[in-house]
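> predicted model follows, preceded by the sequence.
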Amino acid sequence: MEKSGSFGLSQRLDDILPEQRCYTVKDIMEILMCGKVTVYDLLKKNEFRYIRHGRGAYRISKKSFDEWLDRKQEGR
């Protein structure tokens, strides 16, 4: 018998947590298959919206980045 409020083992973490609204620098590196310097250059150019969390951690707006990437893929 399962306790009230517990989740079955088959339920994924994605089903429990809200949708991710921000990317990290590491996420962007993986998506673009590029290095950290390239991501920081894009941040300096204000290519998409971001905030700084703490002394150096960046959080990039998922919506802003995804829109930027779509424009780049369309050749605009």
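Received the coordinates, thanks. Residues are numbered from 1 along each chain as shown.
> need the pLDDT of Lys3.
At Lys3, the pLDDT value in this model is 48.
> correction: the previous question concerned Phe65.
In this model, Phe65 carries a pLDDT of 94.
> then Lys62?
Reported pLDDT for Lys62: 94.
> what's the spacing between Lys62 and Arg49?
If you measure Lys62 against Arg49 using Cβ to Cβ, to the nearest Å, the figure is 10 Å. C-beta coordinates here come from the backbone N, C-alpha and C atoms, glycine included.
> ok, the spatially most central residue of the chain - contacts?
Central residue of the chain (Cα atoms, centre = their mean): Tyr23, 1.8 Å from the mean position. If you count contacts by Cβ atoms under 8 Å, 6 or more residues apart in numbering, Tyr23 has them with Ile31, Arg59, Ile60, Ser61, Lys62, Phe65.
> helix or strand for the second one, which one?
The one in question is Arg59. If you go by DSSP states H and E, Arg59 is part of strand 57-61.
> elements contacting that strand?
When contacts are defined as 3 or more Cβ pairs under 8 Å, 6 or more residues apart in numbering; DSSP states H and E, strand 57-61 sits against strand 22-23, helix 25-32, strand 50-53.
> so what touches the last one?
Looking back up the chat, that one is strand 50-53. Counting by Cβ under 8 Å, 6+ apart, Leu43, Tyr58, Arg59, Ile60, Ser61, Ser64 sit against strand 50-53.
> please check the residues you listed and keep the buried ones.
Leu43, Tyr58, Arg59, Ile60, Ser61 (16 or more other Cβ atoms under 10 Å).
> just send those residues back as TSV, with distance to Gly75 too.
Output for these, formatted as TSV (distance: Cβ to Cβ, whole Å):
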residue	distance to Gly75
Leu43	23
Tyr58	27
Arg59	28
Ile60	22
Ser61	22
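> return the distance of the following helix or strand past the strand holding Arg59 from the chain's centre.
Counting by DSSP H and E, the element after strand 57-61 in chain order, helix or strand, is helix 62-74. Centre-to-centre, helix 62-74 and its host chain are 12 Å apart (Cα atoms, centre = their mean, to the nearest Å).
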